[in-house]
Structures are given as C-alpha cells and as structure tokens.
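Asker: Requesting a structural model of the entry that follows:
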Amino acid sequence: MNALATLAPSLPAALQTAVREAVAASTAHNTERAYRADARAFVAFAEQQGLAAMPAAPATVAAFLTAEAEAGKAVATVRRRAASIAAWHRRQGEANPCASELVKATLRGLARQRGTDQRQAAALTRTDAAVIRSRLGDGVKDCRDLALILCGRDLLSRSSELVALDVSAVAFEDDGATVALRRIKTSTEAGTFWLGREAAEALRAWLTQAGITEGAIFRSITKGGRVTSRRLTTRDIGRILKDRAKQARLQHAEGISGHSLRVGMAVDLAVSHIDLASLMQAGSWKSPVMAARYTRKISAKRGAVAQYYARLGI
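Answerer: The predicted structure is shown next:
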C-alpha cells in the first residue's frame, strides 16, 4: 500500500522523500504490515471478480468482507480488513467506501451472525512466573528469559515493545528501575514506567552476564551460548514464553503467547484491587473497555451473583 499516490512533481525530491517517510512513520510497524496484507487480499478478491479495487465501490467492499467471514475469518479480522481498505483509500485521496451505510450495515450484520468475542491470550500471572522461575537454571538463556518475563509483566508490555527496548531507556534505582517505553500502538512519545525490585535485579543480572552496555536489551543467543547483537523478534518472544510455560508444565501453556505478560499483570493488578484509573495508566489504555476485557473473569467473580452466594455462605 503506497503511502501517497502522488506528490506534486514540482516539489524537490528530498522533500517528497521526507513527506513519504513521515507518512510511513505515522503508523506502527505491525499495523502497517497488517494494512498491506489486508490490501493485497482485497485487490486479489476484486481482480477475481473483475471489479475495481481503487477506488472501490461500497458494494465491492461489502462483498469482500462477507466472503472473508464466510471463509472463516474472525469478526475482528473482518473489521480490520475494512479499516485497512478505508485507510488505503484515504491515503490515495479517494472517497472512503467503508463510510457508506452498506458497508457499516454489513459489518453490523456479520457481528450479529458470528459474534464478536476475541480469543484472549492466556494470562501469565505472578504465580505462573514463580513456577517458571523455579525451573530455571543459571545459564545465559535462563537469565535472559527470567528478565524478559519479569520486565514484560511489570511493564504490561506487548512483545513488540519488549523487543524495541534499549539499554538507554532504563534508569536503575535502589528499589527498582524506571523505563522509558513507547507504546507501539497508542503513542508517539515514550512514557515512564516502573520495574519492581525483582524485575530490576533480573534485568541487571542479564545485562551483566551478557555484557550488554548499549543497544538492544533482549537479544538472540546461539546454541553455543553466545549472545548476539540481533534483537529478538516478536515471534521469538511468543516462542520463548510458550516453551517456558510448557517446561514448567503450566496447564494453560498452549494458550500462552507474546501478549500473555500484559494480560497476566492486568489480572494480578485487578486481583489486588488496584483501581481502574491506575490500571489504565499502567497499561496505557485510553479507554476502560480494553482494561475491562482483560479482567472480565475477575470482575465476574466479584459481581452481584458472586456477592449474593458469598453472603449466603455457599
């Protein structure tokens, strides 16, 4: 998906390049990658049907979204497809077909037919982290993975945020550490977040053992135990967490993913009766909706029915 269809040819080449780079930087890398994949899928569908993809008619978009749902795509994925098509048209300076009532009604109908629940990553809680820790040795990979797990939990970080962390973002203190972390999906500026003593000590131990003084914090390690200069990828994070969960024989190991650290800490905060405003700040949620979705099981256990039976003593 091109960032801009055309720029005025009279503009200096350097300025045209700067504009394109600024537009490209306006969207998080993972989101941009998803946009491109969605656009390719839409173009392929339109070509098969002999229809125009750019600009697209609302009926073409509605047909594509319905076909995607019929093929088994989740409602969340279908909605993202629509958002990608809308973004593509806006960038090309064309009317947004997804703003039409036809496309909106199609999305509403698909949501009602198929439901909107999204599968949530299994939580990796403090208890789970302690079990994993009890199975770790003192090798370089063990040291890295412990720091990764504890830091990821305290920061409520996405895997994309963890792999982007640099040494310069961390300031160690006597009772923990502060971390300048930019939320990949929601912010263009870094916020300051806290690592507790346990996570800070694990991180310091990893940096010392790996001999890392600058650059990427979480790096790949060769089979021979040599720490490389290559950052871990988001796929690496998910694999490491799932492998560690399986080694620790966690019952929900299959549901563990790169998002499990964020979910797990949100659950622990809710269990500890941390207020919603503080929970939202810790996870950088702009709306209480997402924070509530992460902790809905905890909320159910504290709801009216749960309170009713607790008062009856049954």
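Asker: neighbours around residue 33, how many?
Answerer: 11 (other CB atoms under 10 Å). C-beta: built from backbone N, CA, C; applies to glycine.
Asker: Next: residue 254.
Answerer: So residue 254, with other CB under 10 Å, has 11 neighbours.
Asker: isn't there a helix covering it?
Answerer: Yes - assessed by DSSP: H, G, I helix; E, B strand; the rest coil, residue 254 belongs to a helix.
Asker: Any figure for the gap between it and residue 246?
Answerer: To residue 246, residue 254 is 8 Å away according to CB to CB, to the nearest Å.
Asker: got it, and residue 71?
Answerer: Relative to residue 246, and taking CB to CB, residue 71 is found at 31 Å.
Asker: Neighbour count for those two, which is higher?
Answerer: Using other CB under 10 Å as the criterion, residue 71 and residue 246 rank with residue 246 on top: 12 against 8.
Asker: residue contacts, the residue nearest to the more buried one when sequence neighbours are not counted?
Answerer: In space, and not counting its chain neighbours, residue 246 is closest to residue 253: 4.6 Å by CB to CB, 6 or more residues apart in numbering. Neighbouring residues of residue 253 by CB atoms under 8 Å, 6 or more residues apart in numbering: 242, 245, 246.
Asker: out of those residues, who's nearest residue 128?
Answerer: residue 245 (7.2 Å; CB to CB).
Asker: Is it correct that the closest one is in contact with residue 132?
Answerer: Yes - counting by CB atoms under 8 Å, residue 245 does reach residue 132; the two are 6.9 Å apart.
Asker: For the stretch 151-300 of the chain, just list every one of the helices.
Answerer: Assigned helices in the stretch 151-300 of the chain, in chain order: 159-163, 197-210, 234-247, 260-271, 276-283, 288-294, 296-301 (criterion: DSSP state H, counting those that start in this stretch).
Asker: Can you lay out these as TSV showing distance to residue 121 and mean pLDDT?
Answerer: Putting the helices of the stretch 151-300 of the chain into TSV (distance: least, CB to CB, whole Å; pLDDT from 0 to 100) gives the following:
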stretch	distance to residue 121	mean pLDDT
helix 159-163	10	91
helix 197-210	20	96
helix 234-247	9	94
helix 260-271	5	89
helix 276-283	14	83
helix 288-294	10	69
helix 296-301	13	67
